[in-house]
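S.K.: Need a 3D model of the sequence below.
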Amino acid sequence: MFRIGIDLGGTKIELVTLNSAGEEVFRRRVPTPRGYKATLDAIAELVRESERHTGQVASIGIGIPGVVSSVSSRVKNSNAIWLNGQPMDKDLSAMLDREVRIANDANCFALSEAVDGGGAGKAVVFGVILGTGCGGGIAIHHKVHGGGNGIGGEWGHNPLPWMTPEEFNSTQCFCGNADCIETFVSGTGFVRDFRAHGGEAASGIEIVQLMEQGDNLAEAAFGRFIDRLARALAHVINLLDPDVIVLGGGVSNIDLIYEFLPALLPKYVLGGECATAVVKNHHGASSGVRGAAWLWAPGEHAALPALSEV
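M.R.: From the prediction side, this is the model:
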């Protein structure tokens, strides 16, 4: 069975088609239009283009910045605000004459890395996206664990654990709460903290480069960042105890994370020991779209229309 995965972002929609062996056979990217109907039309046309190219009707999975509410069956929490309040999965299913599965984009990342990425061969995978914001997703036995409220893995909007007096009530998150993990360990939070202490850089990678050149402010900022990341991930380990944690997003490209983090985790994990591997993703920016395709697991089959009908 062929699988179509779609990554719906605020600026682009990306589609990838995988064959039954998980190999990529088609890829296309288009700008994300503004407006709900225009977005659905763009997705439907990408699907039709893929199926004309491959000659195969495929299952469809979509990763979105947000979730489909289990209460209202409508999209919520999306920064693509025109999706909020809309029955997106039902509308696309009707347009394309088959079931369309939708999941949060961070969960799609976790699923991709669980199937054939950094978490391959592991039963419970926690996927982390450290970029402008801070996302998280859970994959268990190659299936997304979204939870009853659709927010499984949303670690970034819990308070930073074991806060120091200086950290307490020091940041404000877009979600309306103070001191969320996202405000400290995202790339944005890392840069904010560095600048607050007198430094100047545009990204976490730049801060690390300054540290390697002997900049004391950068070295101190990295020390605070890696300790906060250790606390935040230890919180996840104490609750979920995943087999592996896979990092994605721009911050995941800081190689020093994988050197320093393992020594800090036992300080905060219950019992003073931690064997949890923290690894870099394998699929990079393609992980989310590949994970959307894997929302249909091997052996599952959607009721698909004939090719001439799409």
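S.K.: Please make it C-alpha for all contacts and neighbour counts, starting now.
M.R.: Noted.
S.K.: gap between stretch 155-169 and the chain center?
M.R.: Centroid separation between stretch 155-169 and its chain, computed with CA atoms, centre = their mean, to the nearest Å, is 21 Å.
S.K.: Can you name the residues in contact with it?
M.R.: Residues from elsewhere that reach stretch 155-169, judged by CA atoms under 8 Å, 6 or more residues apart in numbering: 134-136, 175, 178-182, 184, 228, 231-232, 235-236.
S.K.: Now with 7 Å, please.
M.R.: Here stretch 155-169 makes contact (CA atoms under 7 Å, 6 or more residues apart in numbering) with 134, 135, 136, 178, 179, 180, 181, 182, 231, 232, 235.
S.K.: Check what pLDDT residue 78 gets.
M.R.: Confidence at residue 78, expressed as pLDDT, is 86.
S.K.: Give me the below-cutoff pLDDT ranges for this protein.
M.R.: 299, 301-302, 308-310 (pLDDT under 70).
S.K.: Tell me which stretches of it form strands.
M.R.: For the chain, applying DSSP state E gives strands covering 3-8, 12-18, 24-31, 59-64, 67-68, 75-76, 100-104, 124-130, 134-140, 143-144, 244-248, 277-280.
S.K.: Looking at those, spot the one closest to residue 151.
M.R.: strand 67-68 (7.5 Å; CA to CA).
S.K.: now, which of the contacts of stretch 155-169 sits nearest residue 212?
M.R.: Residue 212 lies nearest to residue 231 out of the contacts of stretch 155-169, by CA to CA, at 23.8 Å.
S.K.: pretty sure the closest one contacts residue 268?
M.R.: Yes: applying CA atoms under 7 Å, one finds residue 231 in contact with residue 268, separated by 6.1 Å.
S.K.: between these two, which one's more packed in?
M.R.: More crowded of residue 231 and residue 268, by other CA atoms under 10 Å: residue 231, with 24 against 21.
S.K.: wouldn't residue 245 be in contact with residue 280 here?
M.R.: No: if you go by CA under 7 Å, residue 245 and residue 280 don't touch, sitting 8.6 Å apart.
S.K.: From the rest of the structure, what touches stretch 234-241?
M.R.: Contact with stretch 234-241 is made by 161, 265, 268, 269, 270, as judged by CA under 7 Å, 6+ apart.
S.K.: hey, which helix is longest across this structure?
M.R.: In the chain, taking DSSP state H as the definition, the longest helix is helix 216-239.
S.K.: and residue 245 and residue 280? which has more neighbours close in?
M.R.: Set residue 245 next to residue 280 and count neighbours by other CA under 10 Å: residue 245 wins out with 27 against 24.
S.K.: farthest pair in the contacts of stretch 155-169?
M.R.: Pairwise across those, and taking CA to CA, the largest span is found between 136 and 178, at 18.7 Å.
S.K.: These two: which has the busier surroundings?
M.R.: A direct count of neighbours by other CA under 10 Å for residue 136 and residue 178 places residue 136 higher, at 26 against 18.
S.K.: Any idea how many residues pack against residue 262?
M.R.: Counted with other CA under 10 Å, residue 262 comes out at 16.
S.K.: got a winner among the contacts of stretch 155-169 for most neighbours?
M.R.: Neighbour-wise, these (other CA under 10 Å) top out at residue 182, 29 neighbours.
S.K.: Check the gap between it and residue 153 for me.
M.R.: 13 Å (CA to CA, to the nearest Å).
S.K.: Kindly report the same for residue 273.
M.R.: From residue 273 to residue 153 the distance is 23 Å (CA to CA).
S.K.: what does residue 223 give?
M.R.: Taken as CA to CA, the span from residue 223 to residue 153 is 25 Å.
S.K.: Please identify which of these two sits among more neighbours.
M.R.: Each of residue 223 and residue 153 has its neighbours counted (other CA under 10 Å); residue 153 has more, 25 against 12.
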